[in-house]
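J.: The sequence isn't on hand, but the structure is:
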């Protein structure tokens, strides 16, 4: 699963990296310790003109039918195996797919009662998490809130020692395929995304880090360096 991650580039840098057509006029602060419900960068394809847009969303998807932004169950991750079945996600997956950019994500390796934090990073460039998004508002008079979640899958063997789940990570050649609103997604489409993600996730690097507290670039340093 993915419950903490880092995303530190500016909107302009992310816009160039993901070849977006538009960058929304939103505040985008670098963070090395993003937590669920915080605002995160997101890339999506607009419904009206199919332009690729970089904007921000609340990390924890809230479906339109929810009574509140605060749900009784976590929705910052969505299991790829059941995303087309769960009421919270099944409408969004059809056409409202997104990419959530990241420098790295954190995972905790558990042995007995000991949990050791690790950073998971790409060999180069950025991580492109496969996600879905949904709009929510409290009432017809309220402003719409954009929310999003990250899809997860069974971790491939090279990183399964760390945790049995990992984010679905898209390669560069699959960005347009995933975002394309003209494609109606079903479970077979999601399964294809997982299959395409396996070699990408298998090539990720891991290193132990110090306890993930606060927010700064030192969080991504290897544990020994972070203690200097």
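T.: Cool, got the structure. Bear in mind that the values here come from a model prediction, so they are computed numbers and not experimental data. Numbering: from 1, shown residues only.

J.: Now residue 37: closest residue in space that isn't a chain neighbour?
T.: The spatial neighbour of residue 37 that comes closest, neighbours along the chain excluded (C-beta to C-beta, 6 or more residues apart in numbering), is residue 60 at 5.0 Å. From N, CA and C alone the C-beta is placed, and that goes for glycine too.

J.: Would you confirm that the one you found contacts residue 145?
T.: No: the criterion here is C-beta atoms under 8 Å, and residue 60 misses it with residue 145 at 10.7 Å.

J.: quick one: which of those two has more around it?
T.: In this comparison of residue 60 against residue 145, neighbours counted by other C-beta atoms under 10 Å, the higher total goes to residue 60 at 20 against 14.

J.: what's near enough to touch that one?
T.: Contacts were defined as C-beta atoms under 8 Å, 6 or more residues apart in numbering; by that measure residue 60 touches 36-37, 71, 74-76, 147, 149.

J.: Likewise for residue 205?
T.: Applying C-beta under 8 Å, 6+ apart, we find residue 205 in contact with 120-123.

J.: Please spell out the segments of the chain that come in under the pLDDT threshold.
T.: In the prediction, the chain carries residues with pLDDT under 70 at positions 1, 225-228.

J.: helices or strands up against the lengthiest helix in it?
T.: When secondary structure is assigned using DSSP state H, the longest helix within the chain turns out to be helix 187-202. Contacting helix 187-202 under the criterion 3 or more C-beta pairs under 8 Å, 6 or more residues apart in numbering; DSSP states H and E are the following elements: strand 145-154, helix 157-160.

J.: what angle do it and strand 145-154 make?
T.: Interaxial angle of helix 187-202 relative to strand 145-154 (axes from the mean of the first three to the mean of the last three C-alpha atoms, to 10 degrees): 70 degrees.

J.: Helix or strand next in line after helix 187-202, which one?
T.: Next along the chain after helix 187-202, taking DSSP states H and E as the criterion, comes strand 205-208.

J.: Each with direction, which strands does that next one pair with?
T.: When pairing is defined by DSSP bridges, strand 205-208 lines up against strand 114-121 (antiparallel).
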